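Colleague: Have a look; sequence and predicted model below, questions after that.
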Amino acid sequence: MSESLHSSPATHVIDYRAAEQLLAARDPRGAVRLLDSVIAAHPENTAARLLRARAFFAAAQLRPAELEFELVLEREPDNAFAHFALARTCERAGKHERARRHFRLAAALDPQPEYLAAARFDE
């Protein structure tokens, strides 16, 4: 049986782009719903996982966000944004030491001002 229209690669690209738009429009739960099917079909897709992690964070679903950011970092340990976003997630969850470690990793990988400020190397 061939893939149905609802699970075709083209549909997954459309769903991914629509999820980006939903997240930008402050509908993170809608974004997660769209990304669930994309990730089910393409579990190796790091970009989709990173977007879903951001959506979980925006929906204040901190544990799922943390798990998704961790998965991204397993695949891309040098992803400064994923370290920074995981740090923000940990910070929001009250895991301050873990947050600090990931803020510092983000800043070491990409010394942009926002990452450096969050890393608080002067403390």
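Modeller: Sure, I can see it.
Colleague: which is the next helix or strand following the lowest-mean-pLDDT helix or strand in the chain?
Modeller: Ranking every helix and strand in the chain by mean pLDDT, DSSP states H and E puts helix 9-24 at the bottom, with a mean of 94. Reading on from helix 9-24 to the C-terminus, the next helix or strand found by DSSP states H and E is helix 28-41.
Colleague: packing partners for that next one?
Modeller: In terms of contacts (3 or more CB pairs under 8 Å, 6 or more residues apart in numbering; DSSP states H and E), helix 28-41 is packed against helix 9-24, helix 46-58. From N, CA and C alone the C-beta is placed, and that goes for glycine too.
Colleague: Give me the buried stretch members for that helix, please.
Modeller: Across helix 28-41, burial judged by 16 or more other CB atoms under 10 Å covers 28, 30-32, 34-35, 37-39, 41.
Colleague: same question, stretch 52-63
Modeller: Neighbour-count burial for stretch 52-63 [16+ other CB under 10 Å]: 52-59, 61-62.
Colleague: Then stretch 115-123?
Modeller: Per 16+ other CB under 10 Å, stretch 115-123 contains these buried residues: 115-116, 118-119.
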